[in-house]
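> for reference, the sequence and a predicted model appear below.
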Amino acid sequence: MKSKKFLLNEDDMPKQWYNIAADLPTPMQPPMGPDGNPIKPEMLAPVFPGNLIEQEMSRERWIDIPEEVRDILRIWRPTPLIRATRLEEHLKTPARIYYKDESVSPAGSHKPNSAVPQAWYNKQFGIKKLTTETGAGQWGSAIAFASNLLGLECKVFMVRVSFDQKPFRKTLMQVWGAKCIASPSKETNAGREILKKMPDTPGSLGIAISEAIEEAVSDKTGKTRYTLGSVLNHVLLHQTVIGLEAKKQLTLAGEKKPDIVIGCAGGGSNFAGLSFPFISDKIHGEKIEVYPVESTTCPKMTRGPFTYDFGDTAQMTPLLAMYTLGHTFIPPPIHAGGLRYHGMAPLVSQCIVEGLASPRAYDQLKCYEAALLWARTEGSVCAPETSHAIACAIDEANKAKQEGKEKVILFNYSGHGLLDLTGYEKYMSGHLKELHLSEGELCESLEVIKNLPKAKKVKSGKW
Ligand SMILES: Cc1ncc(COP(=O)(O)O)c(C=O)c1O
(Lines give C-alpha, C1' and ligand atoms only; values in the text may rest on other atoms or scores of the structure.)
Protein backbone atom coordinates (compact mmCIF):
# COMPACT_ATOMS: atom_id res chain seq x y z
CA MET A 1 0.00 0.00 0.00
CA LYS A 2 1.21 3.52 -0.80
CA SER A 3 1.81 5.71 2.28
CA LYS A 4 -0.93 8.26 2.69
CA LYS A 5 0.19 10.69 5.40
CA PHE A 6 3.60 12.16 6.17
CA LEU A 7 3.75 13.45 9.73
CA LEU A 8 6.34 15.42 11.67
CA ASN A 9 6.96 15.55 15.41
CA GLU A 10 6.32 18.75 17.35
CA ASP A 11 10.07 19.26 17.61
CA ASP A 12 10.28 19.35 13.80
CA MET A 13 8.15 22.47 13.68
CA PRO A 14 10.22 25.34 12.23
CA LYS A 15 12.01 27.53 14.80
CA GLN A 16 12.45 30.37 12.31
CA TRP A 17 10.36 31.96 9.58
CA TYR A 18 11.81 32.34 6.08
CA ASN A 19 11.95 35.88 4.65
CA ILE A 20 12.09 35.77 0.86
CA ALA A 21 12.86 39.51 0.72
CA ALA A 22 16.46 38.53 1.54
CA ASP A 23 16.73 36.39 -1.57
CA LEU A 24 14.75 38.11 -4.30
CA PRO A 25 17.12 38.84 -7.20
CA THR A 26 15.69 42.30 -7.74
CA PRO A 27 14.84 44.78 -4.98
CA MET A 28 11.26 45.40 -3.91
CA GLN A 29 9.85 48.82 -4.67
CA PRO A 30 9.12 50.62 -1.40
CA PRO A 31 5.64 51.42 -0.07
CA MET A 32 4.93 55.11 -0.70
CA GLY A 33 2.96 57.88 0.95
CA PRO A 34 0.43 60.05 -0.90
CA ASP A 35 3.26 62.56 -1.61
CA GLY A 36 5.02 59.93 -3.75
CA ASN A 37 7.92 59.47 -1.29
CA PRO A 38 8.80 56.15 0.38
CA ILE A 39 7.07 55.91 3.75
CA LYS A 40 9.06 55.94 6.98
CA PRO A 41 8.41 53.25 9.63
CA GLU A 42 7.04 55.84 12.09
CA MET A 43 4.25 56.69 9.65
CA LEU A 44 2.83 53.20 10.20
CA ALA A 45 2.98 53.50 14.01
CA PRO A 46 -0.70 54.44 14.57
CA VAL A 47 -1.76 51.34 12.64
CA PHE A 48 0.73 48.59 13.62
CA PRO A 49 2.93 47.95 16.68
CA GLY A 50 6.64 48.78 16.28
CA ASN A 51 7.82 45.17 16.51
CA LEU A 52 5.64 44.13 13.53
CA ILE A 53 6.67 47.24 11.54
CA GLU A 54 10.27 46.12 12.06
CA GLN A 55 9.38 42.66 10.74
CA GLU A 56 7.55 44.23 7.79
CA MET A 57 10.71 46.10 6.76
CA SER A 58 13.20 43.33 7.62
CA ARG A 59 15.61 41.95 5.03
CA GLU A 60 16.94 39.24 7.40
CA ARG A 61 16.64 35.81 5.77
CA TRP A 62 15.63 33.95 8.96
CA ILE A 63 13.58 35.38 11.82
CA ASP A 64 13.16 33.51 15.13
CA ILE A 65 9.66 32.37 16.06
CA PRO A 66 9.08 33.33 19.72
CA GLU A 67 8.80 30.32 22.05
CA GLU A 68 5.27 31.25 23.25
CA VAL A 69 4.08 31.54 19.64
CA ARG A 70 5.50 28.09 18.85
CA ASP A 71 3.78 26.77 21.94
CA ILE A 72 0.38 27.96 20.67
CA LEU A 73 1.04 26.85 17.08
CA ARG A 74 1.69 23.39 18.53
CA ILE A 75 -2.07 23.04 19.17
CA TRP A 76 -2.39 21.99 15.51
CA ARG A 77 1.11 22.12 13.98
CA PRO A 78 2.94 20.48 12.33
CA THR A 79 0.07 19.90 9.91
CA PRO A 80 -0.04 16.68 7.87
CA LEU A 81 1.24 16.34 4.33
CA ILE A 82 -1.14 13.92 2.63
CA ARG A 83 -0.86 12.13 -0.69
CA ALA A 84 -4.10 12.34 -2.69
CA THR A 85 -3.85 8.69 -3.74
CA ARG A 86 -7.57 8.25 -4.34
CA LEU A 87 -7.73 11.29 -6.62
CA GLU A 88 -4.63 10.05 -8.46
CA GLU A 89 -6.32 6.67 -9.02
CA HIS A 90 -9.53 8.32 -10.18
CA LEU A 91 -7.66 10.50 -12.67
CA LYS A 92 -5.41 7.58 -13.72
CA THR A 93 -2.51 10.01 -13.66
CA PRO A 94 1.17 9.10 -13.30
CA ALA A 95 1.52 12.31 -11.24
CA ARG A 96 1.95 12.07 -7.48
CA ILE A 97 -0.28 14.68 -5.82
CA TYR A 98 0.50 15.89 -2.30
CA TYR A 99 -1.40 18.43 -0.24
CA LYS A 100 -0.47 20.29 2.90
CA ASP A 101 -3.54 20.16 5.13
CA GLU A 102 -3.92 23.57 6.75
CA SER A 103 -7.61 22.93 7.47
CA VAL A 104 -6.76 21.21 10.77
CA SER A 105 -6.28 24.47 12.70
CA PRO A 106 -8.95 25.47 15.24
CA ALA A 107 -10.35 28.11 12.85
CA GLY A 108 -10.21 25.70 9.89
CA SER A 109 -7.58 27.35 7.71
CA HIS A 110 -3.98 28.57 7.43
CA LYS A 111 -4.96 31.98 8.86
CA PRO A 112 -4.09 31.27 12.54
CA ASN A 113 -0.42 30.82 11.48
CA SER A 114 -0.26 34.61 11.30
CA ALA A 115 -3.08 35.52 13.70
CA VAL A 116 -1.19 34.01 16.66
CA PRO A 117 2.11 35.87 16.11
CA GLN A 118 0.30 39.11 15.24
CA ALA A 119 -1.71 38.97 18.47
CA TRP A 120 1.44 38.03 20.41
CA TYR A 121 3.56 40.90 19.04
CA ASN A 122 0.71 43.36 19.70
CA LYS A 123 0.42 42.14 23.28
CA GLN A 124 4.19 42.50 23.78
CA PHE A 125 3.82 46.09 22.61
CA GLY A 126 1.16 46.81 25.24
CA ILE A 127 -1.84 46.79 22.88
CA LYS A 128 -5.23 45.85 24.38
CA LYS A 129 -7.56 45.69 21.37
CA LEU A 130 -7.24 44.48 17.76
CA THR A 131 -9.39 45.42 14.78
CA THR A 132 -9.50 43.68 11.46
CA GLU A 133 -11.47 42.93 8.31
CA THR A 134 -12.53 39.53 7.07
CA GLY A 135 -13.77 38.28 3.71
CA ALA A 136 -14.81 34.66 3.97
CA GLY A 137 -14.68 34.87 7.76
CA GLN A 138 -11.63 32.65 8.05
CA TRP A 139 -9.25 35.46 9.01
CA GLY A 140 -11.83 36.97 11.39
CA SER A 141 -12.22 33.59 13.11
CA ALA A 142 -8.45 33.17 13.28
CA ILE A 143 -7.80 36.55 14.89
CA ALA A 144 -10.75 36.02 17.27
CA PHE A 145 -9.19 32.69 18.31
CA ALA A 146 -5.71 34.20 18.75
CA SER A 147 -6.94 37.33 20.58
CA ASN A 148 -8.85 35.14 22.99
CA LEU A 149 -5.83 32.98 23.81
CA LEU A 150 -3.69 36.06 24.38
CA GLY A 151 -6.31 38.06 26.33
CA LEU A 152 -6.94 40.86 23.78
CA GLU A 153 -10.23 42.47 22.79
CA CYS A 154 -11.12 41.97 19.11
CA LYS A 155 -13.48 43.63 16.62
CA VAL A 156 -14.00 42.26 13.10
CA PHE A 157 -15.55 44.04 10.09
CA MET A 158 -16.93 41.26 7.92
CA VAL A 159 -17.68 41.91 4.24
CA ARG A 160 -21.49 42.19 3.93
CA VAL A 161 -21.98 39.43 1.35
CA SER A 162 -20.00 36.88 3.40
CA PHE A 163 -21.71 38.04 6.61
CA ASP A 164 -25.03 37.07 4.97
CA GLN A 165 -23.73 33.91 3.22
CA LYS A 166 -21.85 32.51 6.22
CA PRO A 167 -23.70 33.38 9.46
CA PHE A 168 -21.93 30.66 11.45
CA ARG A 169 -18.57 32.33 10.91
CA LYS A 170 -19.92 35.26 12.95
CA THR A 171 -21.06 32.81 15.65
CA LEU A 172 -17.59 31.25 15.68
CA MET A 173 -15.98 34.66 16.22
CA GLN A 174 -18.44 35.32 19.06
CA VAL A 175 -17.61 31.93 20.60
CA TRP A 176 -14.02 33.19 20.89
CA GLY A 177 -15.28 36.43 22.42
CA ALA A 178 -14.88 38.80 19.43
CA LYS A 179 -17.35 41.35 18.10
CA CYS A 180 -18.27 40.90 14.42
CA ILE A 181 -20.21 43.44 12.36
CA ALA A 182 -21.15 43.63 8.68
CA SER A 183 -19.16 46.00 6.45
CA PRO A 184 -19.87 48.62 5.22
CA SER A 185 -21.22 49.60 8.65
CA LYS A 186 -22.58 52.80 10.14
CA GLU A 187 -19.83 52.74 12.80
CA THR A 188 -17.12 54.46 10.73
CA ASN A 189 -16.90 57.46 8.38
CA ALA A 190 -15.61 55.16 5.61
CA GLY A 191 -18.60 52.83 6.02
CA ARG A 192 -21.16 55.64 6.21
CA GLU A 193 -19.76 57.31 3.05
CA ILE A 194 -20.04 54.06 1.07
CA LEU A 195 -23.54 53.32 2.37
CA LYS A 196 -24.68 56.81 1.34
CA LYS A 197 -23.55 56.16 -2.25
CA MET A 198 -24.31 52.42 -2.45
CA PRO A 199 -26.81 51.31 0.21
CA ASP A 200 -27.10 47.80 -1.27
CA THR A 201 -23.40 47.12 -1.88
CA PRO A 202 -22.20 43.54 -1.16
CA GLY A 203 -19.08 45.17 0.35
CA SER A 204 -15.47 44.35 -0.40
CA LEU A 205 -12.27 43.60 1.47
CA GLY A 206 -11.02 47.06 0.44
CA ILE A 207 -13.95 48.74 2.22
CA ALA A 208 -13.71 46.52 5.31
CA ILE A 209 -9.98 47.30 5.62
CA SER A 210 -10.74 51.05 5.57
CA GLU A 211 -13.25 50.59 8.38
CA ALA A 212 -10.95 48.46 10.53
CA ILE A 213 -8.03 50.91 10.13
CA GLU A 214 -10.25 53.88 10.96
CA GLU A 215 -11.52 52.16 14.11
CA ALA A 216 -7.92 51.45 15.21
CA VAL A 217 -6.42 54.88 14.57
CA SER A 218 -9.33 56.76 16.11
CA ASP A 219 -8.92 55.14 19.53
CA LYS A 220 -7.66 58.03 21.67
CA THR A 221 -6.06 55.73 24.28
CA GLY A 222 -3.53 54.54 21.65
CA LYS A 223 -4.06 50.92 22.77
CA THR A 224 -5.80 49.68 19.62
CA ARG A 225 -4.03 48.45 16.50
CA TYR A 226 -5.11 47.01 13.18
CA THR A 227 -4.23 43.52 11.93
CA LEU A 228 -4.30 42.28 8.35
CA GLY A 229 -4.78 38.64 7.33
CA SER A 230 -2.81 38.76 4.08
CA VAL A 231 -0.87 40.95 1.61
CA LEU A 232 1.80 42.43 3.93
CA ASN A 233 5.35 41.07 4.16
CA HIS A 234 5.09 40.04 7.82
CA VAL A 235 1.87 38.07 7.21
CA LEU A 236 3.47 36.13 4.34
CA LEU A 237 6.54 35.59 6.51
CA HIS A 238 4.47 33.96 9.29
CA GLN A 239 2.89 31.59 6.79
CA THR A 240 6.24 30.14 5.66
CA VAL A 241 5.94 27.47 8.38
CA ILE A 242 3.73 25.72 5.80
CA GLY A 243 6.37 25.37 3.10
CA LEU A 244 9.21 24.73 5.55
CA GLU A 245 7.31 21.78 7.04
CA ALA A 246 6.23 20.55 3.59
CA LYS A 247 9.87 20.38 2.47
CA LYS A 248 10.76 18.01 5.32
CA GLN A 249 7.64 15.97 4.68
CA LEU A 250 8.33 15.56 0.96
CA THR A 251 11.72 14.16 1.93
CA LEU A 252 9.92 11.68 4.25
CA ALA A 253 7.76 10.75 1.26
CA GLY A 254 10.91 9.98 -0.73
CA GLU A 255 10.55 12.95 -3.09
CA LYS A 256 13.58 15.07 -3.98
CA LYS A 257 11.49 18.13 -4.87
CA PRO A 258 8.08 19.07 -6.23
CA ASP A 259 7.81 19.79 -9.96
CA ILE A 260 4.77 21.99 -9.44
CA VAL A 261 3.66 24.04 -6.43
CA ILE A 262 0.14 25.48 -6.33
CA GLY A 263 -1.83 27.71 -3.96
CA CYS A 264 -5.03 29.71 -4.29
CA ALA A 265 -4.36 33.41 -3.93
CA GLY A 266 -6.59 36.17 -2.56
CA GLY A 267 -4.03 38.50 -1.02
CA GLY A 268 -1.32 35.85 -1.38
CA SER A 269 -0.64 34.57 2.14
CA ASN A 270 -1.30 30.81 1.91
CA PHE A 271 0.23 30.67 -1.57
CA ALA A 272 3.35 32.46 -0.30
CA GLY A 273 3.48 30.35 2.85
CA LEU A 274 3.71 27.14 0.87
CA SER A 275 5.68 28.37 -2.13
CA PHE A 276 8.33 30.82 -0.83
CA PRO A 277 10.66 28.14 0.60
CA PHE A 278 10.43 26.37 -2.79
CA ILE A 279 10.84 29.63 -4.75
CA SER A 280 14.06 30.00 -2.73
CA ASP A 281 15.19 26.67 -4.22
CA LYS A 282 14.13 27.89 -7.65
CA ILE A 283 16.22 31.04 -7.19
CA HIS A 284 19.12 28.74 -6.37
CA GLY A 285 18.73 26.64 -9.52
CA GLU A 286 15.94 24.05 -8.98
CA LYS A 287 13.38 23.62 -11.74
CA ILE A 288 9.96 24.13 -10.13
CA GLU A 289 6.77 25.55 -11.66
CA VAL A 290 4.87 27.76 -9.23
CA TYR A 291 1.21 28.68 -9.77
CA PRO A 292 -0.81 31.17 -7.71
CA VAL A 293 -4.49 30.68 -8.62
CA GLU A 294 -7.09 33.45 -8.55
CA SER A 295 -10.77 33.76 -9.45
CA THR A 296 -11.78 34.90 -12.95
CA THR A 297 -14.07 37.40 -11.18
CA CYS A 298 -11.14 39.10 -9.47
CA PRO A 299 -8.25 38.62 -11.92
CA LYS A 300 -5.62 41.07 -10.71
CA MET A 301 -2.64 38.83 -11.45
CA THR A 302 -3.74 37.62 -14.88
CA ARG A 303 -5.38 40.83 -16.15
CA GLY A 304 -4.44 43.74 -13.88
CA PRO A 305 -1.42 46.02 -14.27
CA PHE A 306 1.60 45.95 -11.91
CA THR A 307 1.57 49.44 -10.45
CA TYR A 308 1.24 51.49 -7.28
CA ASP A 309 -2.19 51.35 -5.66
CA PHE A 310 -3.82 51.67 -2.26
CA GLY A 311 -4.55 48.54 -0.25
CA ASP A 312 -8.01 49.77 0.71
CA THR A 313 -10.95 51.67 -0.75
CA ALA A 314 -10.70 54.79 1.43
CA GLN A 315 -6.97 55.22 0.62
CA MET A 316 -5.84 54.88 4.24
CA THR A 317 -2.99 52.47 3.51
CA PRO A 318 0.33 53.40 1.88
CA LEU A 319 0.68 52.92 -1.89
CA LEU A 320 1.96 49.41 -2.64
CA ALA A 321 3.67 48.17 -5.81
CA MET A 322 1.45 45.27 -6.82
CA TYR A 323 -0.85 43.70 -9.38
CA THR A 324 -4.20 45.41 -8.90
CA LEU A 325 -7.66 45.98 -10.33
CA GLY A 326 -7.96 49.40 -8.68
CA HIS A 327 -8.76 50.02 -5.01
CA THR A 328 -12.47 50.71 -5.55
CA PHE A 329 -13.06 47.45 -7.44
CA ILE A 330 -16.01 45.49 -6.04
CA PRO A 331 -15.96 41.88 -7.27
CA PRO A 332 -19.15 39.91 -7.86
CA PRO A 333 -20.40 38.11 -4.72
CA ILE A 334 -18.72 34.74 -5.33
CA HIS A 335 -18.62 32.28 -2.43
CA ALA A 336 -14.83 32.28 -2.37
CA GLY A 337 -14.93 35.51 -0.34
CA GLY A 338 -11.23 35.30 0.50
CA LEU A 339 -10.34 35.74 -3.19
CA ARG A 340 -12.37 38.96 -3.51
CA TYR A 341 -9.44 41.35 -2.96
CA HIS A 342 -8.42 43.90 -5.60
CA GLY A 343 -4.64 43.58 -5.13
CA MET A 344 -1.90 40.99 -4.70
CA ALA A 345 0.82 40.96 -2.03
CA PRO A 346 3.84 43.03 -3.19
CA LEU A 347 6.20 40.07 -2.52
CA VAL A 348 4.07 37.72 -4.63
CA SER A 349 3.67 40.44 -7.28
CA GLN A 350 7.46 40.83 -7.49
CA CYS A 351 7.85 37.03 -7.86
CA ILE A 352 5.44 37.23 -10.81
CA VAL A 353 7.33 40.15 -12.36
CA GLU A 354 10.54 38.08 -12.02
CA GLY A 355 8.94 35.04 -13.65
CA LEU A 356 9.35 32.99 -10.47
CA ALA A 357 5.58 32.42 -10.29
CA SER A 358 3.03 32.14 -13.12
CA PRO A 359 -0.56 33.08 -12.23
CA ARG A 360 -3.67 31.22 -13.34
CA ALA A 361 -7.38 32.13 -13.10
CA TYR A 362 -10.31 29.73 -12.68
CA ASP A 363 -14.04 30.22 -12.89
CA GLN A 364 -16.26 29.23 -9.94
CA LEU A 365 -18.13 26.45 -11.80
CA LYS A 366 -14.90 24.64 -12.67
CA CYS A 367 -13.79 25.07 -9.05
CA TYR A 368 -16.97 23.65 -7.53
CA GLU A 369 -16.75 20.74 -9.98
CA ALA A 370 -13.21 20.12 -8.69
CA ALA A 371 -14.36 20.50 -5.06
CA LEU A 372 -17.06 17.83 -5.53
CA LEU A 373 -14.64 15.45 -7.23
CA TRP A 374 -12.26 16.04 -4.33
CA ALA A 375 -14.93 15.36 -1.69
CA ARG A 376 -16.00 12.20 -3.53
CA THR A 377 -12.47 10.82 -3.86
CA GLU A 378 -10.39 12.18 -0.95
CA GLY A 379 -13.37 12.70 1.36
CA SER A 380 -12.92 16.19 2.77
CA VAL A 381 -15.02 19.25 1.91
CA CYS A 382 -12.75 22.13 0.96
CA ALA A 383 -13.22 25.88 1.35
CA PRO A 384 -14.39 27.58 -1.88
CA GLU A 385 -11.03 29.40 -2.05
CA THR A 386 -9.12 26.12 -1.77
CA SER A 387 -11.12 24.64 -4.66
CA HIS A 388 -9.18 26.96 -7.00
CA ALA A 389 -5.92 25.23 -6.04
CA ILE A 390 -7.54 21.81 -6.42
CA ALA A 391 -8.90 22.67 -9.90
CA CYS A 392 -5.40 23.67 -10.99
CA ALA A 393 -3.83 20.53 -9.43
CA ILE A 394 -6.34 18.36 -11.32
CA ASP A 395 -5.53 20.13 -14.60
CA GLU A 396 -1.81 19.60 -14.02
CA ALA A 397 -2.36 15.93 -13.14
CA ASN A 398 -4.34 15.47 -16.36
CA LYS A 399 -1.59 17.20 -18.32
CA ALA A 400 1.00 14.87 -16.77
CA LYS A 401 -1.18 11.96 -17.92
CA GLN A 402 -1.32 13.28 -21.50
CA GLU A 403 2.44 13.77 -21.49
CA GLY A 404 3.06 10.44 -19.72
CA LYS A 405 5.19 12.19 -17.09
CA GLU A 406 5.58 11.27 -13.40
CA LYS A 407 5.26 14.78 -12.01
CA VAL A 408 5.22 15.63 -8.32
CA ILE A 409 2.43 18.12 -7.64
CA LEU A 410 2.18 19.87 -4.29
CA PHE A 411 -0.69 22.16 -3.36
CA ASN A 412 -1.94 23.95 -0.29
CA TYR A 413 -5.22 22.77 1.18
CA SER A 414 -5.80 26.19 2.72
CA GLY A 415 -9.05 25.46 4.55
CA HIS A 416 -12.15 23.34 5.02
CA GLY A 417 -15.58 24.32 3.75
CA LEU A 418 -17.78 23.02 6.53
CA LEU A 419 -19.11 26.52 7.19
CA ASP A 420 -19.40 27.25 3.45
CA LEU A 421 -22.07 24.74 2.54
CA THR A 422 -24.43 27.39 1.10
CA GLY A 423 -22.10 27.71 -1.88
CA TYR A 424 -22.09 23.93 -2.40
CA GLU A 425 -25.85 23.88 -2.11
CA LYS A 426 -26.21 26.62 -4.75
CA TYR A 427 -23.79 24.82 -7.08
CA MET A 428 -25.50 21.45 -6.76
CA SER A 429 -28.94 22.98 -7.36
CA GLY A 430 -27.68 24.73 -10.51
CA HIS A 431 -27.93 28.27 -9.17
CA LEU A 432 -24.34 29.33 -9.83
CA LYS A 433 -23.16 30.55 -13.20
CA GLU A 434 -19.83 31.09 -14.91
CA LEU A 435 -18.55 34.58 -14.09
CA HIS A 436 -15.86 36.62 -15.84
CA LEU A 437 -14.86 40.25 -15.64
CA SER A 438 -15.58 42.06 -18.92
CA GLU A 439 -13.03 44.34 -20.62
CA GLY A 440 -15.37 47.29 -20.02
CA GLU A 441 -15.62 46.57 -16.27
CA LEU A 442 -11.85 46.15 -16.08
CA CYS A 443 -11.14 49.49 -17.81
CA GLU A 444 -13.65 51.27 -15.61
CA SER A 445 -12.18 49.89 -12.40
CA LEU A 446 -8.64 50.90 -13.45
CA GLU A 447 -9.68 54.57 -13.84
CA VAL A 448 -8.91 55.26 -10.13
CA ILE A 449 -5.23 54.38 -10.50
CA LYS A 450 -4.62 56.43 -13.67
CA ASN A 451 -3.02 59.31 -11.81
CA LEU A 452 -1.15 57.31 -9.16
CA PRO A 453 2.63 56.77 -9.44
CA LYS A 454 3.65 53.92 -11.75
CA ALA A 455 5.72 51.01 -10.42
CA LYS A 456 8.70 49.86 -12.46
CA LYS A 457 8.78 46.23 -13.57
CA VAL A 458 12.36 45.46 -12.57
CA LYS A 459 13.46 41.91 -13.36
CA SER A 460 16.73 40.05 -13.61
CA GLY A 461 15.65 38.17 -16.76
CA LYS A 462 16.79 34.81 -15.32
CA TRP A 463 13.34 33.19 -15.37
C1 LIG B 1 -9.48 29.03 3.19
C2 LIG B 1 -8.88 30.24 2.55
N3 LIG B 1 -8.00 30.06 1.56
C4 LIG B 1 -7.44 31.13 0.93
C5 LIG B 1 -7.77 32.42 1.29
C6 LIG B 1 -7.15 33.55 0.53
O7 LIG B 1 -6.30 34.33 1.30
P8 LIG B 1 -4.73 34.32 1.07
O9 LIG B 1 -4.51 34.61 -0.39
O10 LIG B 1 -4.20 35.39 1.94
O11 LIG B 1 -4.23 32.98 1.45
C12 LIG B 1 -8.67 32.65 2.32
C13 LIG B 1 -9.00 34.02 2.73
O14 LIG B 1 -9.89 34.30 3.46
C15 LIG B 1 -9.24 31.53 2.96
O16 LIG B 1 -10.12 31.68 3.95
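Structure received.

> contacts, neighbours, all on C-alpha from now
Will do.

> point out the residues in the stretch 201-350 of the chain that sit beside the ligand.
Within the stretch 201-350 of the chain, the positions near the ligand by C-alpha under 6 Å from any ligand atom are S230, C264, A265, G266, G267, G268, S269, N270, F271, G338, L339.

> ok, the first one touching A265?
Spelled out, that is S230. No. The pair S230 / A265 is not scored as a contact, 9.8 Å apart, by C-alpha atoms under 8 Å.

> the more surrounded of these two?
Between S230 and A265, counting by other C-alpha atoms under 10 Å, A265 is the more crowded of the two (33 against 23).

> and the residue nearest the centre of the chain, what does it touch?
Per C-alpha atoms, centre = their mean, the C-alpha nearest to the average position across the chain is that of S269, at 3.4 Å. By C-alpha atoms under 8 Å, 6 or more residues apart in numbering, S269 lies in contact with G229, S230, V231, V235, L236, Q239, A345.

> didn't the last one look like it was pressed against L228?
No. Taking contact to mean C-alpha under 8 Å, the distance of 11.6 Å between A345 and L228 leaves them out of contact.

> so which of those two has more stuff around it?
Neighbour tally, A345 and L228, criterion other C-alpha under 10 Å: the higher count belongs to A345, 26 against 22.

> longest single helix anywhere in the protein?
Criterion DSSP state H: the longest helix present in the chain is helix 386-403.

> report the buried residues of that helix.
For helix 386-403, burial by neighbour count (16 or more other C-alpha atoms under 10 Å) applies to 386-394, 396-401.

> got the contact list for the closest residue to the ligand within the stretch 51-200 of the chain?
In the stretch 51-200 of the chain, no residue comes nearer to the ligand than Q138, which is 4.5 Å away by C-alpha to the nearest ligand atom. For Q138, the contact set (C-alpha under 8 Å, 6+ apart) comprises A107, G108, S109, K111, R169.

> okay, among these, which ones form the most distant pair?
The largest separation in these, counting by C-alpha to C-alpha, is between K111 and R169 at 13.8 Å.

> ok, and what's touching stretch 414-427?
If you take C-alpha under 8 Å, 6+ apart as the criterion, stretch 414-427 is touched by 100-104, 108-110, 165-166, 168-169, 263-264, 270, 335, 365, 368, 380-386, 432.

> now the buried members of those residues.
In terms of neighbour count (16+ other C-alpha under 10 Å), the buried residues within the contacts of stretch 414-427 are 100-104, 108-110, 165-166, 169, 263-264, 270, 335, 368, 381-386, 432.

> please enumerate the strands of the stretch 251-400 of the chain.
Here the stretch 251-400 of the chain has its strands, by DSSP state E, counting those that start in this stretch, at 260-264, 289-295, 306-310, 319-323, 360-362.

> anything in the shortest one sitting right up against the ligand?
What that stands for is strand 360-362. No. Using C-alpha under 6 Å from any ligand atom, strand 360-362 never reaches the ligand; the gap is at least 13.3 Å.

> show me what that strand is packed up against.
Helices and strands touching strand 360-362, as assessed by 3 or more C-alpha pairs under 8 Å, 6 or more residues apart in numbering; DSSP states H and E, comprise strand 289-295, helix 300-303, helix 386-403.

> that one pairs with which strands, parallel or anti?
Paired neighbours of strand 360-362 in the sheet (DSSP bridges): strand 289-295 (parallel).

> so how far is the partner strand off the chain centroid?
How far strand 289-295 lies from its chain's middle: 12 Å, per C-alpha atoms, centre = their mean, to the nearest Å.

> and the stretch 1-150 of the chain, which residues reach the ligand?
By C-alpha under 6 Å from any ligand atom, the residues of the stretch 1-150 of the chain that approach the ligand are S109, G135, A136, Q138, W139.

> hang on, the earlier thing: identify, out of the strands of the stretch 251-400 of the chain, the most deeply packed stretch.
Ranked by mean neighbour count under mean count of other C-alpha atoms under 10 Å, the strands of the stretch 251-400 of the chain are led by strand 260-264, which reaches a mean of 29.

> between helix 386-403 and that strand, find me the angle.
Between strand 260-264 and helix 386-403, the angle comes out at 150 degrees (axes from the mean of the first three to the mean of the last three C-alpha atoms, to 10 degrees).

> can you give me the mean pLDDT across strand 260-264?
Confidence over strand 260-264 (mean pLDDT, whole number) is 99.

> packing partners of that strand?
Going by 3+ C-alpha pairs under 8 Å, 6+ apart, strand 260-264 lies up against helix 269-283, strand 289-295, helix 386-403, strand 408-413.

> in TSV: the ones you listed, plus mean pLDDT.
Listed next are these as TSV, based on pLDDT from 0 to 100:
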stretch	mean pLDDT
helix 269-283	98
strand 289-295	98
helix 386-403	98
strand 408-413	99
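
> thank you, goodbye.
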